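Q: With the input below, show me the fold.
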Amino acid sequence: MENGFVKTEIKNNIGYINFGHPKSNSLPSTILAELALKIREMGENEEINVIFLSSEGDKTFCAGASFDELLAIKDFETGKEFFMGFANVINAMRTVPHFVVTRIQGKAVGGGVGIAAASDYAMAAGESAIKLSELALGIGPFVVGPAVERKIGKSAFGEMSIDYDWRDAYWAYKKGLFTEVFETVEELDEACSQLVVKLAGSSIEAMRELKKILWEGTENWDTLLEERAEISGNLVLSEFTKNYINGFKSKTKS
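A: Model prediction:
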């Protein structure tokens with residue numbers, strides 16, 4: 001658990017993917033790589049009709065990029081490679097032939113918002129506030145931007161990006177980021193279970209064709225997200241970003 005994990009299970013035509021990290025389910029490059037790999041592997045598995053993605057615990061869904069790893073980046077290539085981790089997860093979710101249903105049980109920040117946006121069906125608890133805090137770090141939400149903008153529109157994406165404060169789950173629902181919101185985690189889990197069981201028994205051919213239609217217009221994302229990773233990979237080298245992260249870590253320790 002110290003370095004985080006990605007666990008998978010296949011049961012009754014449902015592919016389960018669960019990830020976790022002791023620092024609020026943050027995402028170092030190792031977990032990002034494993035997530036992208038497992039999503040793609042499940043997309044090739046004929047036993048699976050639907051993918052269910054979740055994170056560990058009942059509080060924070062995902063705290064986004066690992067600050068420890070961001071601080072360790074010393075050159076552009078390393079920076080680009082790190083942010084390509086988010087690009088690869090989003091593109092895996094986009095191109096896998098199955099619907100990806102995601103359980104969002106708590107707060108989502110940065111890359112966590114990107115994962116929610118890249119989901120075909122995002123189901124959230126009432127405590128699941130969201131935040132795009134990248135501008136505060138001096139890097140901007142460039143890689144997750146296309147996925148978030150696709151769901152909530154450019155205006156709302158700009159609002160989240162410029163005024164990088166928390167938005168509650170019902171704001172996210174009204175804007176289209178969350179498909180459904182439930183008052184409690186228990187209600188969320190029951191609804192998630194019912195939906196994935198329903199999809200597991202649905203026509204895989206029909207679902208695949210519908211997914212193609214839902215993602216029309218994103219065919220250039222392999223190139224687009226790589227370009228966005230290059231922007232972030234360059235900006236993360238700034239003194240502004242290093243100072244912000246060091247300041248943040250000092251405050252959390254005190």
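Q: A strand includes residue 9, no?
A: Yes. Assessed by DSSP: H, G, I helix; E, B strand; the rest coil, residue 9 belongs to a strand.
Q: Leaving out chain neighbours, which residue sits closest to it?
A: In space, residue 9 comes closest to residue 16 once its chain neighbours are excluded; the distance is 4.4 Å by C-beta to C-beta, 6 or more residues apart in numbering. Glycine gets a C-beta too; all of them are placed from N, C-alpha and C.
Q: Is that neighbour in a helix, a strand, or coil?
A: Relying on three-state DSSP, one would call residue 16 strand.
Q: Isn't it up against residue 10?
A: Yes. The pair residue 16 / residue 10 is scored as a contact, 7.3 Å apart, by C-beta atoms under 8 Å.
Q: Which of those two has more residues huddled nearby?
A: residue 16 (17 against 12; other C-beta atoms under 10 Å).
Q: Tell me which residues of stretch 73-84 come out buried.
A: 73, 79, 80, 82, 83, 84 (16 or more other C-beta atoms under 10 Å).
Q: okay but the second one is in contact with residue 237, surely?
A: Yes. Under the criterion of C-beta under 8 Å, residue 79 makes contact with residue 237 at 6.2 Å.
Q: So the closest residue to residue 62 other than its chain neighbours: helix, strand or coil?
A: Taking C-beta to C-beta, 6+ apart, and ignoring the residues beside it in sequence, residue 62 has residue 112 as its nearest neighbour in space, at 2.8 Å. What three-state DSSP gives for residue 112 is helix.
Q: what's near enough to touch residue 112?
A: 25, 27, 61, 62, 63, 64, 130 (C-beta atoms under 8 Å, 6 or more residues apart in numbering).
Q: Who are the contact partners of the closest residue to the second one other than its chain neighbours?
A: This means residue 27. Among residues not flanking residue 27 along the chain, residue 111 sits closest, at 5.4 Å (C-beta to C-beta, 6+ apart). Residues counted as contacts of residue 111 (C-beta under 8 Å, 6+ apart) are 27, 62, 64, 65, 86, 89, 143, 144.
Q: before we move on, what about residue 242?
A: Residue 242 touches residue 71, counting by C-beta under 8 Å, 6+ apart.
Q: Doesn't it lie inside a helix?
A: Yes. Counting by three-state DSSP, residue 242 is part of a helix.
Q: What are the boundaries of the strands in the stretch 101-250 of the chain?
A: Counting by DSSP state E, counting those that start in this stretch, one finds strands in the stretch 101-250 of the chain at the ranges 108-109, 121-125, 130-131, 180-182.
Q: Pull the helix or strand where residue 41 lies out as CSV, backbone CA atoms only.
A: Assigned by DSSP states H and E, residue 41 belongs to helix 29-43. Coordinates of each C-alpha in helix 29-43 appear next as CSV, following Å, rounded to 0.1, in the frame of the first residue of the first chain:
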residue,chain,number,x,y,z
SER,A,29,3.4,7.5,-12.7
THR,A,30,3.5,3.8,-11.7
ILE,A,31,-0.2,3.8,-10.9
LEU,A,32,-1.1,5.7,-14.0
ALA,A,33,0.8,3.3,-16.2
GLU,A,34,-0.9,0.3,-14.5
LEU,A,35,-4.4,1.9,-14.8
ALA,A,36,-3.9,2.5,-18.6
LEU,A,37,-2.6,-1.1,-19.0
LYS,A,38,-5.4,-2.8,-17.1
ILE,A,39,-8.1,-0.8,-18.9
ARG,A,40,-6.7,-1.7,-22.3
GLU,A,41,-6.3,-5.4,-21.3
MET,A,42,-9.9,-5.5,-20.2
GLY,A,43,-10.9,-4.0,-23.5
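Q: what's the overlap in contacts for residue 79 and residue 237?
A: Common neighbours of residue 79 and residue 237 (C-beta under 8 Å, 6+ apart) are residue 73.
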